[in-house]
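> Turn this into a model:
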Amino acid sequence: MNSNLLIIEHTHVRNMRDLATKLNTPQLLNILCHFLQSQLQHDDCNLEDVPLDEYPFYDGSVCVYNSASSMFYAPSDMSGLHGMCHEHIRCSPMWRNEGPRYDCVFIVTDPHAEGMLGLDIAHVLCFFFFQVPRHRVSLRDHTLV
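Sure thing, here's the model as predicted:
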């Protein structure tokens with residue numbers, strides 16, 4: 001399944017620390033350090049061989065979004081044009097003034113497993129974007145589940 005996310009409904013936090021506090025996820029900064037190290041390391045390097053204090057640290061600005069729109073190809077669902085589907089995924093602390101809405105998503109955890117056996121279900125906490133100086137890490141949108 002191929003998908004392209006279009007992020008909408010922007011909300012503001014100043015930096016990753018603020019985001020970690022807002023989401024009540026204190027381990028977010030460590031998770032981000034591990035992610036950055038995995039993106040910057042060479043293929044022959046093992047993450048466990050790098051001391052944690054040498055991992056890159058990021059606490060710069062961040063953009064957070066409350067929803068995303070995804071277009072994807074689902075050959076088994078012909079309700080769209082030739083199997084193309086469109087979905088909105090929401091992770092909003094206040095949805096239509098009625099309370100929070102945090103949608104669930106499927107995550108491919110084993111691409112070789114058959115059917116649903118290769119998928120996990122996760123709750124979307126937020127969509128966010130950040131830019132590492134000097135573009136050492138490819139720029140893209142991220143999802144915290």
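> mind checking pLDDT for M78?
Looking at M78, its pLDDT is 66.
> you'd agree L117 is in a helix?
Yes: per DSSP: H, G, I helix; E, B strand; the rest coil, L117 lies within a helix segment.
> Counting neighbours, what do you get for it?
Using other CB atoms under 10 Å, L117 has 9 other residues around it. For glycine as for every other residue, the C-beta is placed from the backbone atoms N, C-alpha and C.
> Quick check: buried residues in the lengthiest helix in the chain?
With secondary structure taken from DSSP state H, the chain has its longest helix at helix 28-40. By neighbour count on 16 or more other CB atoms under 10 Å, the buried set for helix 28-40 is L28, L29, L32, C33, H34, L36, Q37.
> just the helices in the protein please.
Using DSSP H, helices in the chain cover 16-22, 28-40.
> so what's Q37 closest to, chain neighbours aside?
Distances taken as CB to CB, 6 or more residues apart in numbering place Y55 nearest to Q37, at 4.5 Å, with adjacent residues excluded.
> Please consider this matter closed, and thank you.
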